[in-house]
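> Sharing a model that was predicted from the sequence below.
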Amino acid sequence: MNGEQTLLDNEDRWVTGMGAWFPGERVVFRGKDLFNELNGISWMGLLLYGITGRSFDDKQLRLFEGIWTICTSYPDPRLWNNRIAALAGTARSTAALAIGAATMASEASIYGGRPVVRSIDFLFRARELLQRGADLQDVVATELKSCRGIAGYGRPLINADERIKPMLALAEELGFGSGAYVKLAFDIERVLLQGRWRFKMNIAALLAALAADQGLTRQAYYHFMVLCFSAGMFPCYADALNKPEGAFFPFRCDRIDYKGCSRRKWKSSLKTDEVKQ
């Protein structure tokens, strides 16, 4: 159904099973009473319930919390999204604008949200192909040929990832270190290391595998990861806010190697008497 009829059918009404606020009475959150049935749930539990409609046990929530705390919340203002939060602080912008802009920039092609989605997408596709009888080496080679890389493997700065060891240790402690997708992620790494590519796994592949083993879909995992960097953004914003205005990474103009047009002289086309009027 498209066009005018769609608008008419939805005028003054929105049919949803997600929830509603009944002023002075109650709040329904995905079919449950927020004040009674969901009273006491953790924020992470509520977030995941809102995204997936599923309830997760304490071990699963600890795993998801670990994904954010161990792997994504670095308070380093040199990181691309944290730098935006710090720039907002040094410009005396509000925290909401700072974190909103930094979150938007987190959907970067190399470091951020896009590799997150591509990583879990490849794991889903690879497992499906293997279940149909494909050879893993062929799956990896085909992906490399079509995409010139595999999301979750290799790292722009260094070919190693310091986050894998502590994250895997937490997963193993909670009993999630040997799931089907985790095993697949390491099998892919072995293929890449044995071949001429020499790509090691980075944290994106491990996190995608852990999420896939917990039953998150591609879309649900993406939604879960949207806010994953935020705990590292606030310290960067607050630090810049508490320092002199404009002091965050200043850059002298004479350090810019400019190759464009020469300096132009601006001249008004208006006559002096016209300007006075």
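Received, thanks.

> going forward, measure contacts between C-alpha atoms and count neighbours the same way
Fine.

> so where do the helices sit in this protein?
In the chain, helices defined by DSSP state H lie at 4-9, 43-52, 58-71, 80-90, 95-105, 113-131, 136-147, 164-174, 180-194, 203-213, 218-225, 230-241, 272-276, listed in chain order.

> tilt between the fifth one and helix 230-241?
Put simply, helix 95-105 runs at 130 degrees to helix 230-241, going by axes from the mean of the first three to the mean of the last three CA atoms, to 10 degrees.

> Likewise for the fourth one?
Counting by the same axes, to 10 degrees, helix 80-90 points 30 degrees away from the direction of helix 230-241.

> related to what we said a few turns ago, possible to save the helices of the chain as TSV with distance to Pro23, mean neighbour count and mean pLDDT?
Formatted as TSV, these follow (distance: least, CA to CA, whole Å; neighbours: other CA atoms under 10 Å; pLDDT from 0 to 100):
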stretch	distance to Pro23	mean neighbour count	mean pLDDT
helix 4-9	26	10	89
helix 43-52	21	17	97
helix 58-71	31	18	96
helix 80-90	36	26	97
helix 95-105	26	18	96
helix 113-131	37	19	94
helix 136-147	51	14	94
helix 164-174	41	16	97
helix 180-194	45	18	96
helix 203-213	37	25	97
helix 218-225	28	18	96
helix 230-241	31	21	97
helix 272-276	59	8	51
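
> Which of the ones you listed sits closest to Arg155?
Nearest to Arg155, of all the helices of the chain, is helix 203-213, at 9.5 Å by CA to CA.

> Contacts made by the closest one with the rest, please.
With CA atoms under 8 Å, 6 or more residues apart in numbering as the test, helix 203-213 has contacts from 67, 71, 115-116, 119-120, 123, 151-153, 161, 163-164, 176-177, 179-182, 184-185, 221.

> Identify whichever of the helices of the chain lies nearest to Ile256.
helix 80-90 (19.3 Å).

> hey, C-alpha coordinates of that closest one in CSV?
In CSV, the C-alpha atoms belonging to helix 80-90 read as follows (Å, rounded to 0.1, in the frame of the first residue of the first chain):
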residue,chain,number,x,y,z
TRP,A,80,37.9,10.1,15.6
ASN,A,81,34.5,10.2,17.4
ASN,A,82,35.9,11.3,20.8
ARG,A,83,37.7,14.1,19.0
ILE,A,84,34.3,15.5,18.0
ALA,A,85,33.1,15.4,21.6
ALA,A,86,36.3,17.2,22.7
LEU,A,87,36.0,19.8,19.9
ALA,A,88,32.4,20.5,21.1
GLY,A,89,33.7,20.9,24.6
THR,A,90,36.5,23.3,23.6
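
> How far off centre is that helix?
17 Å (CA atoms, centre = their mean, to the nearest Å).

> So which elements touch that helix?
helix 95-105, helix 230-241 (3 or more CA pairs under 8 Å, 6 or more residues apart in numbering; DSSP states H and E).

> Need these in CSV (columns: distance to Ala141).
Listed next are those as CSV, based on distance: least, CA to CA, whole Å:
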stretch, distance to Ala141
helix 95-105, 31
helix 230-241, 36
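
> Select, out of the ones you listed, the one closest to Tyr258.
helix 95-105 (26.3 Å).

> ok and that closest one relative to helix 113-131, angle-wise?
40 degrees.

> hmm, who's touching helix 95-105?
So helix 95-105 is contacted by 80-86, 88-89, 226-227, 229-230, 233-234, 237 (CA under 8 Å, 6+ apart).
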